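> I would like to see how this sequence folds:
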Amino acid sequence: MFNVIISTVEKKVLGEFLVDSYFFEPSKYNYAFYLFKDGKKIDTVGYSSNMKVDFDIKGMNGIFYIRAYIKDVVHKNIRAYNSDKLSIDSWEI
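Modelled structure (predicted):
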């Protein structure tokens, strides 16, 4: 039902929750995102109503992934989902 997409653009890692359910109501949930580099958490964006995030990774290389959390606003249930891993070897200066 949920999928976390990871991509890059202009020295940023982008993350987005994708939902494949017609009945899902995004306004009933809050979303948080952690960015991991080489297996270690390096950045966090706390809970908000935004299903998208971007992390600045200027000057960083490594293997990145995003762990995204979805929290039910009423019941406070939390679920976590990981994106695929993304290898960034170098950036052009």
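
> how about the strands of the protein, start to end?
For the chain, applying DSSP state E gives strands covering 2-9, 12-19, 29-37, 40-48, 52-56, 62-72, 78-82, 86-88.

> Show me how far the fifth one is from its chain's centre.
Right, strand 52-56. Relative to its parent chain, strand 52-56 has a centroid offset of 7 Å by Cα atoms, centre = their mean, to the nearest Å.

> Show residues contacting it.
By Cβ atoms under 8 Å, 6 or more residues apart in numbering, the surrounding residues in contact with strand 52-56 are 11-17, 31, 33, 35, 43, 45, 66, 68. Just so you know, the C-beta spots here come from the backbone N, C-alpha and C atoms, and that holds for glycine as well.

> Drop the exposed ones from these and show what's left.
Listed as buried from the contacts of strand 52-56 are 13, 15, 16, 17, 31, 33, 35, 45, 66, 68; burial here means 16 or more other Cβ atoms under 10 Å.

> out of those, what pair is the most spread apart?
The span of the buried ones among the contacts of strand 52-56, defined through Cβ to Cβ, is set by 13 and 31 at 15.7 Å.

> Where is pLDDT lowest across the buried ones among the contacts of strand 52-56?
Lowest pLDDT within those is found at residue 17 (83).

> Listing request: residues of the protein with sub-threshold pLDDT.
1, 21-22, 90-93 (pLDDT under 70).

> If we use 80, what do you get?
Low-confidence segments of the chain (pLDDT under 80): 1-2, 18-24, 26, 90-93.
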